[in-house]
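Participant: Below is the sequence, then the predicted model.
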Amino acid sequence: MAMPPLLRAMRPHQWTKNVLVAAVPLAAGQLLAPTILLQTVAAFIVFCLAASATYLINDMVDAEADRAHPTKYTRPIAAGELAPRAALIAAAVLIVVGELIALLVAPELAVVLAAYVVVTLSYSLWLKHEPVIEMAFLALGFLLRAIAGAAATGIAVSSWFLIVAGFGSLFMAAGKRSSELNVALAASEGAPKTTRRVLTGYTPGYLRFVWATAASVTITAYCLWAFEVAVVQSTLPWAKLSIIPFVLAIMRYAVDIDRDTAEAPDRVVLSDRTLLGMGVLWVVTFGLGALGV
């Protein structure tokens with residue numbers, strides 16, 4: 001059965017990105033504590049609501065461009081299945097409900113959620129066509145998701161964690177743009193023919209430099225973070241061992257970028273079984289280290 005236009009416009013398939021709110025509780029080894037788990041689930045829900053609201057507003061702004069896009073023309077607003085006014089009302093309701101739930105969980109979560117909405121809307125309305133700045137804002141959106149887990153639960157955030165989350169997000173953002181640009185160049189034989197104007201401000205070499213640099217910083221910071229977590233006594237050095245699947249996952253995702261198939265990070269993670277397996281192995285090893293098993 002086909003989803004209603006409004007639900008499709010909310011992009012539920014992209015809610016997987018919001019699993020990042022569990023990163024801090026997982027790293028602290030407290031994710032399975034009943035109260036912490038409930039707060040984390042609430043953070044996930046409010047970010048799903050807020051993200052869907054920003055998708056609706058973004059699709060309203062991009063409706064004309066989406067109609068000229070080879071795949072985005074099917075989006076409900078661009079296809080005329082969902083009226084812009086209805087989308088705007090739905091977006092406002094989603095933001096208000098999300099903020100109210102966030103306030104009930106923790107005032108700090110409401111602040112982080114509001115910051116996420118401001119950052120995402122600033123990107124959608126003004127900054128998406130500014131090279132470099134737009135990648136930074138894409139990465140910031142992911143980073144705020146991770147910080148939300150700390151805000152919801154009151155768990156302190158490691159400086160190394162922030163670096164890993166920030167540069168890991170930049171790695172994925174630059175990889176996304178790299179794939180988009182290379183696909184556009186291949187389709188137009190040299191000149192990027194695309195509805196995403198910001199791609200004209202990049203070159204393949206520059207984007208490769210950005211995602212390679214971001215990957216290097218992410219791996220270095222993760223190693224330092226893993227040794228920090230390894231201070232917890234455990235039967236085996238699980239946190240240190242988690243470096244292996246983490247680095248392999250970064251390298252595997254780089255293969256997807258190099259193949260120009262990383263335009264949609266959420267779909268890459270779910271469709272690449274090898275990458276998914278490495279991710280599961282990382283969660284297990286790092287989780288065991290954080291729990292001190």
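Facilitator: Everything's here; your move.
Participant: Show residues contacting stretch 174-187.
Facilitator: With Cβ atoms under 8 Å, 6 or more residues apart in numbering as the test, stretch 174-187 has contacts from 135, 138, 191-194, 196, 198-199, 202-204, 207-208, 210-211, 214, 253-254, 256-257, 260-265. In short, each C-beta sits where N, CA and C put it, glycine included.
Participant: same deal with stretch 73-92?
Facilitator: 5-6, 8-10, 52-54, 56-57, 59-60, 62-63, 66-67, 69, 72.
Participant: Please, a PyMOL command that selects the buried ones among these?
Facilitator: Selecting only the buried entries of the contacts of stretch 73-92 in PyMOL, with 16 or more other Cβ atoms under 10 Å as the criterion:
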select buried, resi 5+6+8+9+10+52+53+54+56+57+59+60+62+63+66+67+72
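Participant: which ones among the contacts of stretch 73-92 are found in helices?
Facilitator: If you go by DSSP state H, those have 5-6, 8-9, 52-54, 56-57, 59-60, 63, 66-67 in helices.
Participant: Using a markdown table, lay out these together with distance to Leu185.
Facilitator: Output for these, formatted as a markdown table (distance: Cβ to Cβ, whole Å):
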| residue | distance to Leu185 |
| --- | --- |
| Pro5 | 33 |
| Leu6 | 35 |
| Arg8 | 30 |
| Ala9 | 30 |
| Ser52 | 32 |
| Ala53 | 34 |
| Thr54 | 29 |
| Leu56 | 31 |
| Ile57 | 30 |
| Asp59 | 26 |
| Met60 | 29 |
| Ala63 | 26 |
| Asp66 | 21 |
| Arg67 | 23 |
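Participant: Tell me which of those residues has the lowest pLDDT.
Facilitator: Confidence by pLDDT is poorest for Asp66 among the ones in helices among the contacts of stretch 73-92, given 79.
Participant: ok, longest helix in this protein?
Facilitator: Assignment by DSSP H gives helix 159-188 as the longest helix of the chain.
Participant: Check the contact between Arg252 and Met278; I expect there is one.
Facilitator: Yes. Between Arg252 and Met278 there is a contact at 6.0 Å, judged by Cβ atoms under 8 Å.
Participant: Neighbour count for these two, which is higher?
Facilitator: Per other Cβ atoms under 10 Å, whichever of Arg252 and Met278 has more neighbours is Met278, with 21 against 18.
Participant: Quick check: that one vs Ala214, distance?
Facilitator: To Ala214, Met278 is 18 Å away according to Cβ to Cβ, to the nearest Å.
Participant: Show me the domain layout of the chain.
Facilitator: As assigned by automatic domain parsing, the chain contains the domains 1-157, 158-293.
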